[in-house]
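# need a 3D model of the sequence below.
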Amino acid sequence: MRILLLILQKEFKQLFRSKTMLVLIFVVPIIQLLILPLAANFDVRNIRLSVIDFDNSTYSQKLIEKIFSSGFFKCTGVDYFYKRAFRRIENDQVDLILEIPHGFESNFRRESSQEIFLAVDAINGTKANLGATYLNSITSAFNEEILQDLMPADRYPTVPDFRLVSNNWFNPTLDYKFLMVPGILVVLVTVSAISCSFNIVKEKEDGTIEQLNVTPIKKHLFILGKMIPFWIIGIIVFSIGFFLVAGWVYKIHPLGSIALLYVFLMIFLIALLGFGLLIATYSENHKQSMSIGFFFIMIFILMSGLFTPIDNMPEWAKAIAACNPVTYFIEVIRMIVLKGSAMNDIKTHFVIIAGFAILFNSWAIINYKKTS
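Prediction:
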């Protein structure tokens, strides 16, 4: 125990001696958590729409007014030639073109139906699909309103009218921040934990590793001495981000047990720090460790379900996500914060993340070659 305390004392002194390292550990993740949720916005608004109104009638004007009053579209002007409007799509000035044909109102009154043309810039598939969906919904609602105005009251259909009423659970306002902020916090803690655990490589480059190797320090004590300081720092960084940024700035308050969340966090940090130390034992210098770490960090982030639901991934990607410890923590923090899940709901996640912790740390201890 005394040897471990001496190693911890040496690690903390070495850590707090570097002012730059302290800024990277504590300040940078908080700034990123403040900025990234504003950029990772799933709400698609201000879709640039160009309208070509060949009818210029009362109905066409009502339709145009209804579209732009929805708040999803931004008018980029009214064109009178399709080729000119299409050229604006090619110049990335317009996302969608809506063309209202001649005789729109008269045909609608006579035949109770009329087709309109929509051209979509599909380079940005998400924006194009949502824009087309919004327009389809608005035009359908407009169609119903006009038909009710045209149809006499005694001819209203007597068939029961079935309507779908939705109830948004766990995030009633559909605010993307409630989904993204907890996930981004997990990613920042992951990056911080893996990056900080590379200090074994620094010992190799400075030559101090050779001095430690000839001491009677056991391998597991050396690994623990390297891990515990950054384990504590990871908890502090998470706490600042969770209570200060998520709670105070974004007004996200957990519905579930904070103690349960912190227990999972502690095990998760043990797993991630063990993984970082494992990479460090295989690396000869800092560049190697950073390159390998960046490779795995990108996989952890992209295959974690943060930006893309895992259910939408192909089978091979789901298999990779299942081997990703970040996946389980993002699921757990969202379940506890948004749904108020209890231990019984996340017990499988606990078992899996504990397995990762045992695997990575055992591997790191075995792989650390201590020569006398």
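
# with adjacent residues omitted, what lies nearest to the one residue sitting closest to the centre of the chain?
Nearest to the geometric centre of the chain sits residue 306, at 3.5 Å (C-alpha atoms, centre = their mean). Residue nearest to residue 306 in three dimensions, not counting chain neighbours: residue 183, with 4.4 Å by C-beta to C-beta, 6 or more residues apart in numbering. No exception for glycine: its C-beta is placed from N, CA and C like everyone else's.

# doesn't residue 331 make contact with that neighbour?
No: if you go by C-beta atoms under 8 Å, residue 183 and residue 331 don't touch, sitting 9.4 Å apart.

# spit out the residues that contact those two alike.
By C-beta atoms under 8 Å, 6 or more residues apart in numbering, residue 183 and residue 331 have these common neighbours: residue 305.

# of the two, who's got more company?
Neighbour count, other C-beta atoms under 10 Å: between residue 183 and residue 331, residue 183 has more, with 23 against 18.

# quick one, what contacts that one?
304, 305, 306, 330, 333, 334.

# looking at this, the first one is in a helix?
No: the assignment for residue 304, made by DSSP: H, G, I helix; E, B strand; the rest coil, is coil rather than a helix.

# okay, strands next: where are they in the stretch 101-250 of the chain?
117-120 (DSSP state E, counting those that start in this stretch).

# residues contacting the residue nearest to the centre of the chain?
So residue 306 contacts 180, 183, 184, 186, 187, 330 (C-beta under 8 Å, 6+ apart).

# and the pLDDT at it?
pLDDT for residue 306: 87.

# would you mind measuring from it to residue 190?
Here residue 306 is placed at a distance of 10 Å from residue 190 (C-beta to C-beta, to the nearest Å).

# can you check residue 135 too?
Residue 135 is 39 Å from residue 190, by C-beta to C-beta.

# can you pick out the residue with more neighbours from these two?
Per other C-beta under 10 Å, whichever of residue 135 and residue 190 has more neighbours is residue 190, with 26 against 21.

# tell me if I'm right that that one and residue 297 touch.
Yes: look at residue 190 against residue 297 with C-beta under 8 Å: they come within range, at 7.1 Å.

# which regions of the stretch 1-150 of the chain sit below the pLDDT cut-off?
41-43, 150 (pLDDT under 70).

# now do 90
Residue ranges of the stretch 1-150 of the chain with pLDDT under 90: 1-51, 53-97, 100-150.

# and the helices in it?
Listed from the start of the chain, the stretch 1-150 of the chain has helices (DSSP state H, counting those that start in this stretch) covering 2-17, 19-22, 28-39, 58-68, 82-90, 104-111, 125-150.

# equivalent analysis for the stretch 251-372 of the chain, please.
Applying DSSP H, counting those that start in this stretch to the stretch 251-372 of the chain gives helices spanning 258-282, 286-302, 315-322, 325-334, 343-367.

# deepest of those, which one?
For these, the largest average neighbour count (mean count of other C-beta atoms under 10 Å) is found in helix 325-334, namely a mean of 24.

# hmm, who's touching that helix?
For helix 325-334, contacts defined as C-beta under 8 Å, 6+ apart pick out 179, 182-183, 185-187, 190, 261, 264-265, 268, 271-272, 275, 300-301, 303-306, 310, 321, 341, 346, 349, 352-353, 356.

# try 7 Å this time
Here helix 325-334 makes contact (C-beta atoms under 7 Å, 6 or more residues apart in numbering) with 179, 182-183, 186-187, 190, 261, 264, 268, 271-272, 300, 304-306, 310, 321, 346, 349, 352-353, 356.

# check stretch 132-144 too.
Identification of contacts with stretch 132-144 by C-beta under 7 Å, 6+ apart yields 63, 66, 67, 70, 72, 98, 118, 120.

# from those, which two are the most distant?
66 and 120 (19.1 Å; C-beta to C-beta).

# between the two, which is the more surrounded one?
Set residue 66 next to residue 120 and count neighbours by other C-beta under 10 Å: residue 120 wins out with 18 against 14.

# and the residue nearest to that one when sequence neighbours are not counted, how many residues sit next to it?
Distances taken as C-beta to C-beta, 6+ apart place residue 128 nearest to residue 120, at 4.6 Å, with adjacent residues excluded. Residues within reach of residue 128, counting by other C-beta under 10 Å, total 17.

# low-confidence ranges in the stretch 201-350 of the chain?
Checking the stretch 201-350 of the chain against pLDDT under 90 turns up 201-230, 233, 276-294, 305-309, 311-313.

# next, give phi and psi for the residue nearest to the centre of the chain.
The phi and psi values for residue 306, taken as degrees, to the nearest 10, are phi -70, psi -50.

# ok, it to residue 184 distance?
7 Å.

# before we move on, what about residue 168?
Residue 168 sits 22 Å away from residue 184, going by C-beta to C-beta.

# which one of those two has more residues nearby?
More crowded of residue 168 and residue 184, by other C-beta under 10 Å: residue 184, with 25 against 8.

# for that one, which non-adjacent residue is closest in space?
Nearest residue to residue 184, sequence neighbours excluded (C-beta to C-beta, 6+ apart): residue 36, at 5.1 Å.

# how much space between that neighbour and residue 249?
Distance from residue 36 to residue 249, by C-beta to C-beta: 12 Å.

# same question for residue 122.
36 Å.

# looking at the two, which has the bigger crowd around it?
residue 249 (15 against 11).

# got the contact list for the more buried one?
Residue 249 touches residue 34, counting by C-beta under 7 Å, 6+ apart.

# closest to residue 147 among the contacts of stretch 132-144?
Closest to residue 147 out of those is residue 63 (13.6 Å), distances taken as C-beta to C-beta.

# what's around the closest one, how many residues?
Residues lying near residue 63 (other C-beta under 10 Å) number 24.

# ok, and the closest non-adjacent residue to it?
Residue 63's closest residue in space is residue 142 (C-beta to C-beta, 6+ apart), at 5.4 Å.
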